[in-house]
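Participant: any chance you could fold what I've pasted below:
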Amino acid sequence: MARYYGNIGFAIQTETKPGIWEDSIEERPYKGEVIRNGRRYENGESVNDNFTITNSFSIISDAFLYSHIPAMRYLEYLGSKFKITSVDIDRPRVVLSVGGVYVSGDSTSADSDDSGGGAG
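Facilitator: I've put the predicted structure just below:
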């Protein structure tokens, strides 16, 4: 089995204004093993096919992960963020299955290097 080390993204609700709650992504590093490795292309409504991996990861968990399982959104792998599609608890590990590429619901992504300015 291949080793895994990378970030898992958690959507933590924070109060931005009184009575207004929004999800903010908190990334935490975890390690474990890749226990299933697969990929496929799916025909979509766009010009290019959608790339999906069907990997499973056995992650060594901690107290934070156990208490925030419903908040897990993505797992970083091979330089991309992939949606977590299912979680199996097998203490002291958690087995995560992932699917398509994670797309944030926010229009301003942390991956963007654009400072918002136009040309000169």
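
Participant: tell me how far the host helix or strand of residue 76 is from the chain's mean position?
Facilitator: Using DSSP states H and E, residue 76 falls within strand 72-77. With C-alpha atoms, centre = their mean, to the nearest Å as the basis, strand 72-77 stands 2 Å off its chain's centre.

Participant: sheet partners, orientation included, of that strand?
Facilitator: strand 2-17 (antiparallel), strand 80-90 (antiparallel) (DSSP bridges).

Participant: in CSV: these, plus mean neighbour count.
Facilitator: In short, each C-beta sits where N, CA and C put it, glycine included. CSV is the format used below for those (neighbours: other C-beta atoms under 10 Å):
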stretch, mean neighbour count
strand 2-17, 14
strand 80-90, 15
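
Participant: CA-only coordinates of stretch 88-102 in PDB, if you can.
Facilitator: Taking C-alpha atoms only, stretch 88-102 is exported to PDB below (Å, rounded to 0.1, in the frame of the first residue of the first chain):
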ATOM      1  CA  ASP A  88     -16.100   4.500   7.500                       C
ATOM      2  CA  ILE A  89     -15.000   4.600  11.200                       C
ATOM      3  CA  ASP A  90     -12.600   1.800  12.000                       C
ATOM      4  CA  ARG A  91     -10.800   3.100  15.200                       C
ATOM      5  CA  PRO A  92      -8.100   4.200  15.400                       C
ATOM      6  CA  ARG A  93      -8.500   4.900  11.700                       C
ATOM      7  CA  VAL A  94     -11.100   6.500   9.500                       C
ATOM      8  CA  VAL A  95     -11.500   5.200   5.900                       C
ATOM      9  CA  LEU A  96     -12.300   8.000   3.500                       C
ATOM     10  CA  SER A  97     -13.600   7.400  -0.100                       C
ATOM     11  CA  VAL A  98     -13.200  10.200  -2.500                       C
ATOM     12  CA  GLY A  99     -14.800  11.100  -5.800                       C
ATOM     13  CA  GLY A 100     -14.700  14.100  -8.100                       C
ATOM     14  CA  VAL A 101     -12.700  17.300  -7.800                       C
ATOM     15  CA  TYR A 102     -13.900  19.500  -5.000                       C
END
